[in-house]
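A.B. asks: how would this look folded up:
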Amino acid sequence: MDFLKLAKERYSCRSFSTKEVEQEKIDSILEAAKVAPTARNLQPQKILVLTAKEELDKLSLCTKYGWNAPVMMIIFYDKDISYKRESYDNKDFGIIDASIVTTHMMLEIQNLGLGTTWIGAFDPDKLCEVYNIPRNLEPIAILPVGYPSEDAKPSKLHDIRKDISEFTYYNKIN
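C.D. replies: Numbers count the residues shown, from 1 in each chain. As a prediction, the model looks like this:
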């Protein structure tokens with residue numbers, strides 16, 4: 001599948017079948033995270049993969065979303081090692097790096113015939129408490145991962161996109 005076809009076919013899946021996700025597919029998703037570019041190649045991402053029922057169930061204390069996906073992946077970045085733009089404004093690139101990693105994972109999930117969506121609506125403090133996450137790790141996203149159910153489909157807004165001319169400028173922003 002070519003990249004644009006893959007990107008256009010990917011949608012936010014919010015309905016999963018009960019079919020188990022094979023370990024080799026989980027490994028492939030993690031490989032996509034591994035090869036994602038990060039600032040200065042510091043690779044500050046940390047990923048917690050939840051597959052055990054008791055661990056998946058605890059996630060409901062942190063977010064109302066998950067749609068009973070058989071796998072949940074929580075993406076963090078390590079604030080102690082992420083790149084900071086020190087010479088200028090000290091911007092921490094960890095959230096950017098973790099977002100790039102998450103996007104790579106989402107595209108590989110689609111490539112493997114699985115579904116996901118980016119969950120950003122969660123209580124980060126509760127999540128860190130529930131899973132005993134060290135303070136230096138900042139949670140960025142939760143990805144439910146699984147086979148889309150038979151009734152899974154893109155939202156009505158999926159194909160509504162601005163025209164390229166509405167967000168692109170050449171040589172100066174007017």
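
A.B. asks: tell me where this protein has strands.
C.D. replies: 45-50, 71-78, 137-145 (DSSP state E).

A.B. asks: contacts for stretch 32-47, please.
C.D. replies: 30, 73-79, 81-83, 93-94, 96-98, 100-101, 103-105, 107-108, 137 (Cβ atoms under 8 Å, 6 or more residues apart in numbering). C-betas here are computed from N, CA, C, even on glycine.

A.B. asks: now tell me which helix or strand of the protein has the poorest mean pLDDT.
C.D. replies: helix 3-9 (a mean of 95; mean pLDDT, DSSP states H and E).

A.B. asks: next one: it to chain centre, how far?
C.D. replies: 17 Å (Cα atoms, centre = their mean, to the nearest Å).

A.B. asks: now swap in stretch 31-43 and tell me
C.D. replies: For stretch 31-43, the distance to the chain centre is 14 Å (Cα atoms, centre = their mean).

A.B. asks: endpoints of it, how far apart?
C.D. replies: 13 Å (Cα to Cα, to the nearest Å).

A.B. asks: list the buried residues for that stretch?
C.D. replies: Of the residues in stretch 31-43, 32-33, 36, 38-39, 43 count as buried by neighbour count, 16 or more other Cβ atoms under 10 Å.

A.B. asks: what does stretch 148-166 give?
C.D. replies: Quick answer for stretch 148-166 (16+ other Cβ under 10 Å): 148-149, 152.

A.B. asks: same check, this time on stretch 22-32
C.D. replies: 25-26, 28-29, 32.

A.B. asks: and if you look at stretch 126-143?
C.D. replies: Neighbour-count burial for stretch 126-143 [16+ other Cβ under 10 Å]: 127-128, 131, 133, 137-143.

A.B. asks: so for the longest helix seen in the chain, mean pLDDT?
C.D. replies: When the chain is parsed with DSSP state H, its longest helix is helix 94-111. In this model, helix 94-111 carries a mean pLDDT of 98.

A.B. asks: check which helices and strands that helix sits against.
C.D. replies: Applying 3 or more Cβ pairs under 8 Å, 6 or more residues apart in numbering; DSSP states H and E, one finds that helix 94-111 contacts helix 3-9, helix 23-34, strand 45-50, strand 71-78, strand 137-145.

A.B. asks: now render those as a markdown table, adding distance to K58.
C.D. replies: What follows is those, written out as a markdown table (distance: least, Cβ to Cβ, whole Å):
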| stretch | distance to K58 |
| --- | --- |
| helix 3-9 | 32 |
| helix 23-34 | 19 |
| strand 45-50 | 8 |
| strand 71-78 | 10 |
| strand 137-145 | 12 |
